[in-house]
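S.K.: Compute the structure for the input listed below.
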Amino acid sequence: MLTVTIDEIQQNLISYLHQVAAGETIIIMQAGKPIAEIKPVSATSQQIRPYGLCTGEFIVPDDFHSPLTEEILNSFEGK
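M.R.: Coordinates of the predicted model:
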């Protein structure tokens, strides 16, 4: 992790951005206190989730779409 001042980052921005692209994290300081962090963007791969991972592990009851009873509705409403 590299620590630089605002003046340093302004003078050599491209150089510091190359370091970030290479994996370096940079902390920007102002008056001796950290105010910002620049770090590489983590690569995220969007994999398609496969269908049917839980096939056969549970059964949807026949009354799944039936209206809820008054007792259950009241418990949701805190009655």
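S.K.: Show me what counts as buried in the top helix by length along the chain.
M.R.: Identified as the longest helix of the chain according to DSSP state H is helix 13-21. By 16 or more other CB atoms under 10 Å, the buried positions in helix 13-21 come out as Tyr16, Gln19. C-beta here means a position set from N, CA and C on the backbone, and glycine is covered the same way.
S.K.: Now the residue of the chain positioned farthest from its centre. Its backbone dihedrals?
M.R.: With distances taken from the mean C-alpha point of the chain and given as CA atoms, centre = their mean, the most distant residue is Glu70, at 39.4 Å. When read as degrees, to the nearest 10, the backbone of Glu70 gives phi -60, psi -40.
S.K.: Give me the pLDDT for it.
M.R.: Per-residue pLDDT puts Glu70 at 92.
S.K.: One more: the one 3 residues further on?
M.R.: Among the per-residue scores, Leu73 holds a pLDDT of 92.
S.K.: returning to what we had before: so how far is Cys54 from the residue farthest from the centre of the chain?
M.R.: Per CB to CB, to the nearest Å, Glu70 is found 32 Å from Cys54.
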